[in-house]
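1. Model the structure of this input:
(one chain, ligands or ions: 1)
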Amino acid sequence: MKQATARAHPNIAFIKYWGNADEILRLPVNSSLSMNLDSLHTTTTVAWDETLRRDSLMINGEVANQVALERVAKHLDVIRERLNMSEFAKVESNNNFPMGAGIASSASAFAALTVAAFRAADVALSERELTTFARRGSGSASRSVPSGYVQWFAGEDHESSYAATFAEVNHWDIVDVIAIVDSGHKKTGSQDGHKSAETSDLQLARVAGAADRIQSCKQAILDENFAQFAEVVEYDSNLMHAVMMTSKPALFYWKPTTLTIMERIREWRQAGIQVCYTLDAGPNVHCICVREHAEVVREQLMSISGVLDVVVAAPGGGTTVITK
Ligand code: DP6
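-> Numbering: from 1, shown residues only. Presented below is the predicted three-dimensional model:
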């Protein structure tokens, strides 16, 4: 038996990935930018075992459901092909955040799974190649492999669609203060959401401007220019949700509390607090702020009715092998 354990953080996208040019290879229609979230992590052990007759998956100490197992087994098939190997694997994955908290775990899950699977097989891939394989499991997982602030280049084929660090983890002291407003599982997951993106008339316009927004957001991060950062990050999130809302069928992820928080954030910013919002495919609000304003933002969020919990995360490192 050959086994390894890896740990990965989820990430929050500042410029979003929404829609694939190639669904099988998970080639996105636009490049994206994100930051890893240090306080949240997934720890995954992969054991390749020649005596196994199928793959198995445990998540947080329980046998995973069939849908999750099939997605993982499909990803292991892709890895087996690269390894030219036929052994099955026993996979055990644990999140330090509750699955029902509405915090997406597919990025950290597939980043940790990919890195552990190759390491367990004693095959050392470059970070760049690891990002391309993590991408095959979940697009955003490619961004959880490198450390800190990361760009995922859309690319044109498997090899050219990869992610890389553009600013180190300690480059800029900003924090993601996540307001949890709903703990249930989303009705439409990202996989189906990506498919419906092209049914919105707005998607073409969103994609056409993505390169400029990447440039502006990246420069704002490198210059630590919060005003420029806030403008492009909120705009990009609004654009993605406009696409979602105008897709067929329409996807509305916001709850009334989501909208309340977005309104309050604009007020707080006018009052001098350096904070802005961004939302993934769910109603939770990621409030990105400078470290010195994190505590006041957390307290204010806690006082809003409908906010169930607040989770704070600073920029995080990349995926690491913990034991081999
Ligand atoms: C809204 O990476 O979860 O969070 O490739 O189908 O697993 P799959 O999709 P996923 O999509 C993330 C969508 C998003 C925006 C983002 O993180 O860029």
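2. Whichever strand or helix holds Thr43 and the ligand, are they touching?
-> Assigning secondary structure by DSSP states H and E places Thr43 in strand 42-49. No: Strand 42-49 does not reach the ligand (CB under 6 Å from any ligand atom); its nearest approach is 13.5 Å. Every residue, glycine included, has its C-beta placed from N, CA and C.
3. right, and the helix or strand after that strand?
-> Scanning onward from strand 42-49 (DSSP H and E), the first element met is strand 56-59.
4. I'd like the average pLDDT over the strand holding Thr43.
-> Summarised as a single mean, pLDDT over strand 42-49 is 98.
5. helices or strands next to that strand in the packing?
-> Counting contacts by 3 or more CB pairs under 8 Å, 6 or more residues apart in numbering; DSSP states H and E, strand 42-49 packs against strand 2-8, strand 88-95, helix 106-120.
6. So what touches the first one?
-> Outside strand 2-8, the residues within contact range by CB atoms under 8 Å, 6 or more residues apart in numbering are 41-48, 107-109, 111-113, 115-117, 119-122, 141, 144-145, 318-324.
7. Only the buried subset of those residues, as a ChimeraX command please.
-> The ChimeraX command for the buried members of the contacts of strand 2-8 (criterion: 16 or more other CB atoms under 10 Å) is given here:
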select :41,42,43,44,45,46,47,48,107,108,109,111,112,113,115,116,117,119,120,121,141,144,145,318,319
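8. Pipe the helices and strands packed on strand 42-49 into TSV and attach mean pLDDT and distance to the ligand per row.
-> Converted to TSV, those look like this (pLDDT from 0 to 100; distance: least, CB to the nearest ligand atom, whole Å):
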stretch	mean pLDDT	distance to the ligand
strand 2-8	97	13
strand 88-95	97	15
helix 106-120	97	5
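9. so what's Gly306 closest to, chain neighbours aside?
-> Thr257 (3.2 Å; CB to CB, 6 or more residues apart in numbering).
10. Alongside the ligand, which residues does the stretch 51-200 of the chain contribute?
-> Residues of the stretch 51-200 of the chain found near the ligand (CB under 6 Å from any ligand atom) are Ala104, Ser106, Ser138, Gly139, Ser140, Ser190, Gln191, His194.
11. which among the residues you listed end up buried?
-> Taking 16+ other CB under 10 Å as the criterion, what is buried in those is Ala104, Ser106, Ser138, Gly139, Ser140, Ser190, His194.
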